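Peer 1: Everything below, folded, please.
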Amino acid sequence: MNIEEQNLQHVYVSPSDHPQGYQFIPKGNLVYKFVNSSDRLYFQKFYVFDDGTIVLDEVSQGQITIKSNNEFTVEGDFIRFV
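Peer 2: So this is what the prediction gives:
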């Protein structure tokens with residue numbers, strides 16, 4: 001698999017009344033997951049899928065932000081990649 005640098009240009013900021021995280025529905029299979037955090041500042045999960053999709057799931061100051069290099073739709077608690 002060849003992975004090159006990608007901009008995570010597709011962004012979704014969760015409404016403040018959405019109390020939980022999201023479940024991803026990718027087209028590919030998960031090949032790598034990386035967790036990064038800083039006490040009380042942020043918690044980040046990076047996902048890389050075998051179809052080239054890269055996802056950042058970040059919680060910072062109580063706000064959930066999803067970023068990806070591929071387009072996606074939000075359907076309730078699900079993030080579906082198109």
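Peer 1: Going by C-alpha atoms from here, please, whenever you check contacts or count neighbours.
Peer 2: Noted.
Peer 1: where along the chain do the strands fall?
Peer 2: Ranges of strands in the chain, per DSSP state E, are 10-13, 23-25, 30-38, 42-49, 54-60, 63-68, 72-75, 78-81.
Peer 1: Now mean pLDDT too, for the ones you listed, in a markdown table please.
Peer 2: As requested, these are exported to a markdown table (pLDDT from 0 to 100):
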| stretch | mean pLDDT |
| --- | --- |
| strand 10-13 | 95 |
| strand 23-25 | 94 |
| strand 30-38 | 94 |
| strand 42-49 | 94 |
| strand 54-60 | 93 |
| strand 63-68 | 93 |
| strand 72-75 | 95 |
| strand 78-81 | 94 |
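Peer 1: In TSV, list the ones you listed along with mean neighbour count.
Peer 2: Listed next are the strands of the chain as TSV, based on neighbours: other C-alpha atoms under 10 Å:
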stretch	mean neighbour count
strand 10-13	14
strand 23-25	14
strand 30-38	12
strand 42-49	17
strand 54-60	20
strand 63-68	20
strand 72-75	14
strand 78-81	16
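Peer 1: In contact with residue 28, which residues?
Peer 2: Applying C-alpha atoms under 8 Å, 6 or more residues apart in numbering, we find residue 28 in contact with 49, 50, 51, 52, 53.
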